[in-house]
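A.B. asks: Sequence plus the predicted model coming up.
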Amino acid sequence: MFICRSVELAQVLGRVFSLILVTGGSGFIGSHLVDELIEQGYGVRVFDRMKPLREDVEWFQGDLKKDEDLLLACKDVEAIFHLAAVADVNLAVSYPETCLDINENYTVKLLKAAVSNEVERILLASTTWVYGKTNGKVDEDSSIPMPGHVYTKSKIGQEHLVYGWHESYGLDYTILRYGIPYGPRMRSNMAIATFVRKASRSEPITIFGDGNQGRCFVYVEDLAEGNVAAMQEGGKNQIFNLAGEEFVTINQIVENLKQIFGEIDARYDCSRLNDFKGVVVDIQKAKNLLGWKPKTRLAVGLRKYVESIKQ
C-alpha cells in the first residue's frame, strides 16, 4: 500500500485523492509519471512485472494477458494511465505479432476490466507517430494517414479501441499523443541516449541522411506533468499532443552535445529505409485546455540527462 505521506498531504491540501493505476509504471515514462502523481498527492498502484523504483506505491506484479490479474489490478481504481506497451519500434518490426498482441489485444482486456470495475476514465499513452509522414504542422484535428509501420498501426488501433469503448460502454477517455521523450531512465537504444554514450566515450556518431530530419523532443519530467494535467475535467474525452515546442534536428542535437563534451566526430551515412524528416507538432490545445506546456529546453534537458548518468 502507499504510505501515509500521501494521505497526510491530501488532508493538508483539502482534496480527495483517487487511487490511480499506472500500467507500465516501472518503465521510462511510467516511472516519471508515478513520481509526479505521488508529488501531487495521489495514491498510486503500479501494474508491472518489474518492481517500481520507489517504495511509497502499491505494486501489482501482474501480466497483461491474464484477465484475472487485470480485474484485480483495476479494483477500487478511479482512473488508469495505460502506458504498458511495446514502445521500441525496432522490436515491433522484429516481432510484429507480439507488438499487435500487447498493444491492441491486451488493451481490450484492460478496457473490459476497467468497465467491470466501473473505472471512471482511462488515459492512453499514444504517440505523434500516428501522424505518419504528414508534411508541415499537425494538430489533433489533422487526418491520420494509413500507417507505414506496424508500431504506428498498433497505436492507432489502441486509440480506436479506447474511443470505441467510450461509445459502447461509456468509459471516459483521454488520448495523449507523446512527442519523442528523452531524459533520465531512457532506453539505451534511443537516439539521444546512443549519441550521449558515444560522445562520452569519444566514439564517432553516425548520422543517417543529412541530419536535418528532426522531432519535437520533450523532456520526460515535462511529459509527466502533462499527463497529470490531463486528469482535469477539461481533459475528459479529448485528444492532446504532448510534445516539445521546438522542432529539433539531429544536427542540432549534435551541436548541443558539443557544448557539453567538446568536439564530436560526426559521420554521415545514407538515409535509412522509412526515415522521414518529421513534422512540427502543435500543442496549443494542451496549453488552452490543460494549462500545460513544456518548460525544459533541449540544451538544459541534455545537460540534466548527462548529469543523471554521471550520478
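C.D. replies: Received the coordinates, thanks. The structure presented is a predicted model; accordingly, all values stated were derived computationally and were not measured.

A.B. asks: Report the mean confidence score over the longest helix anywhere in the chain.
C.D. replies: Across the chain, the longest stretch assigned as helix under DSSP state H is helix 150-169. Per-residue pLDDT values over helix 150-169 give a mean of 98.

A.B. asks: Please save the CA atoms from that helix in CSV.
C.D. replies: Provided in CSV are the C-alpha atoms of helix 150-169 (Å, rounded to 0.1, in the frame of the first residue of the first chain):
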residue,chain,number,x,y,z
VAL,A,150,3.5,-1.9,-37.5
TYR,A,151,4.1,0.1,-34.4
THR,A,152,2.1,3.1,-35.7
LYS,A,153,-0.7,0.7,-36.7
SER,A,154,-0.8,-0.7,-33.2
LYS,A,155,-1.0,2.8,-31.6
ILE,A,156,-3.8,3.9,-34.0
GLY,A,157,-5.5,0.7,-33.1
GLN,A,158,-5.3,1.5,-29.4
GLU,A,159,-6.8,4.9,-29.9
HIS,A,160,-9.7,3.3,-31.9
LEU,A,161,-10.3,0.8,-29.1
VAL,A,162,-10.4,3.4,-26.3
TYR,A,163,-12.7,5.6,-28.3
GLY,A,164,-14.9,2.6,-29.2
TRP,A,165,-15.2,1.6,-25.6
HIS,A,166,-16.4,5.1,-24.7
GLU,A,167,-19.0,5.0,-27.4
SER,A,168,-20.2,1.4,-26.5
TYR,A,169,-19.8,1.4,-22.7
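
A.B. asks: Can you tell me which helices and strands it packs against?
C.D. replies: Using 3 or more C-beta pairs under 8 Å, 6 or more residues apart in numbering; DSSP states H and E as the contact test, the elements touching helix 150-169 are helix 89-94, helix 96-100, helix 106-116, strand 121-127, strand 172-178. Every C-beta, even on glycine, is put in place using the N, C-alpha and C of the backbone.

A.B. asks: Quick check: buried residues in it?
C.D. replies: 150-159, 161-163, 165-166 (16 or more other C-beta atoms under 10 Å).

A.B. asks: Relative to residue 243, tell me which of the helices and strands packed on helix 150-169 wins on proximity.
C.D. replies: Among those, strand 172-178 comes nearest to residue 243, with 7.0 Å by C-beta to C-beta.

A.B. asks: what are the pairing partners of that closest one, and which direction each?
C.D. replies: Strand 172-178 has its sheet partners listed here by DSSP bridges as strand 121-127 (parallel), strand 238-242 (parallel).

A.B. asks: which one of those strands lies closest to residue 232?
C.D. replies: Nearest to residue 232 among those is strand 238-242; the distance by C-beta to C-beta comes to 9.9 Å.
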